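Chemist: With the input below, show me the fold.
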Amino acid sequence: MQLKPLRPQIWNFGRLTLDLSQPQVMGILNVTPDSFSDGGRHNSKDAALVRALAMLAEGATVIDIGGESTRPGASVVTVEEEIRRVVPVVEALAKHDVIISIDTSEPEVIKAAVKAGAHIWNDVRALTRPLALATAAELNIPVIVMHMRGEPTTMNNLDQYQDVTKDVMRELGQRVQDALDAGVRPEHIMIDPGFGFAKNAQQNLKLLQEFYKLTEMGYPILSALSRKRFIGAVLDATDPEQRAVGSATAHLLSIQQGACMVRVHDVKATVDAIKVWQAMQQAI
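Modeler: Below is the predicted model of the structure:
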């Protein structure tokens, strides 16, 4: 398998741009009733818009809208229901000149969202759904390809690895190659190692320790650690909202190792951590 990576510095979306040479913060906006941390809080258009604007004020540069929970054991959502949840929020948020990402695996959902004003496809299933590869090539937008085995209902039973970092890189590399073969432009690909997806606590920690190795693949990297269960295990924090400091710390560790974007619930804490790190870098 021979990848042909190209690391872009800037993603352009008309008058909006995203500089990937600097750490970017993606704010999580779940418009679902059952997401693991904030399900039901923002599942109306008005509540979602208020939350999105608050995250932008705190320093988020991308808002990631999701209409399907992918927590372990999550219920299946129909395409029609996912569109009903997501598209009105995209339409409302698109009026505010913000870069919008859509957390979905369904080609019909991303098509409807892009028509409504979305810019990025964030797919936890790495374009494995029928017609997903062709749709990504057709839409010609950036796509985030994440590592996961199985489905949310089965992934916890699929965490057998010889070497978690090497295995994730190999399997993720195959999905990237499939996207390239389907016509997705290399400069439109970002990778995500999939913390918490088909990985146990120790595997997640090892993957974080060896995050720098992912840069060998040559693509921009998203780190999505926010409030994950393994962070709760380290902190003995069963309440996801008690994991904000641990999440910001883990995200900063991944940025120090090459992540160009982090996907977070706690925007201000993460932005503040990045600012301190950047100030230290400038003082050297």
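
Chemist: Surely Leu16 touches Asp97?
Modeler: Yes. Leu16 is within contact range of Asp97, at 6.5 Å (criterion: CB atoms under 8 Å). (Glycine included, C-beta is placed from N, CA and C.)

Chemist: Name the residue in those two with the higher neighbour count.
Modeler: Between Leu16 and Asp97, Leu16 has the larger neighbour count (other CB atoms under 10 Å), namely 14 against 10.

Chemist: who touches that one in this structure?
Modeler: By CB atoms under 8 Å, 6 or more residues apart in numbering, the contact set of Leu16 is 97-99, 119.

Chemist: Could you do His96 as well?
Modeler: By CB under 8 Å, 6+ apart, the residues touching His96 are 52-53, 56.

Chemist: Low-confidence regions, the stretch 51-200 of the chain specifically.
Modeler: 71-74 (pLDDT under 70).

Chemist: can you pull the contacts of Ala79?
Modeler: Careful, residue 79 is Val; it's not Ala. The neighbours of Val79, taking CB under 8 Å, 6+ apart as the test, are 106, 108-109.

Chemist: do you know how far the residue nearest to Leu127 when sequence neighbours are not counted is from Gln177?
Modeler: Leaving aside its chain neighbours, Leu127 sits nearest to Leu133 (5.0 Å; criterion: CB to CB, 6 or more residues apart in numbering). Distance check for Leu133 against Gln177: by CB to CB, to the nearest Å, it reads 11 Å.

Chemist: Can you point out the buried residues in the helix with the most length in the chain?
Modeler: Longest helix of the chain, by residue count under DSSP state H: helix 164-182. Judged by neighbour count (16 or more other CB atoms under 10 Å), helix 164-182 contains these buried residues: 164-165, 168-169, 171-173, 175-176, 178-180.

Chemist: Among these, pick out the one closest to Arg229, please.
Modeler: Val164 (16.1 Å; CB to CB).

Chemist: quick one, what contacts the closest one?
Modeler: The contact partners of Val164, taken as CB under 8 Å, 6+ apart, are 199, 203, 206-207.

Chemist: try Asp266
Modeler: Neighbour list for Asp266: 226-227, 244, 247-248 [criterion: CB under 8 Å, 6+ apart].

Chemist: where along the stretch 1-150 of the chain do the helices fall?
Modeler: Secondary structure of the stretch 1-150 of the chain by DSSP state H, counting those that start in this stretch: the helices cover 45-58, 79-93, 107-116, 132-139.

Chemist: right, so of those helices, which gets closest to Ser254?
Modeler: Among the helices of the stretch 1-150 of the chain, helix 45-58 comes nearest to Ser254, with 19.4 Å by CB to CB.

Chemist: Can you spell out which helices and strands pack onto that closest one?
Modeler: Applying 3 or more CB pairs under 8 Å, 6 or more residues apart in numbering; DSSP states H and E, one finds that helix 45-58 contacts strand 24-30, strand 62-66, helix 79-93, helix 267-283.

Chemist: who's in contact with Ala137?
Modeler: Applying CB under 8 Å, 6+ apart to Ala137 gives the contacts 179, 182-184.

Chemist: swap that for Lys228, sorry
Modeler: 195-196, 204, 243, 247.

Chemist: would a markdown table of the residues you listed with neighbour count and distance to Ala126 be doable?
Modeler: A markdown table is the format used below for those (neighbours: other CB atoms under 10 Å; distance: CB to CB, whole Å):
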| residue | neighbour count | distance to Ala126 |
| --- | --- | --- |
| Phe195 | 26 | 14 |
| Gly196 | 25 | 15 |
| Asn204 | 25 | 18 |
| Arg243 | 26 | 26 |
| Ser247 | 24 | 23 |
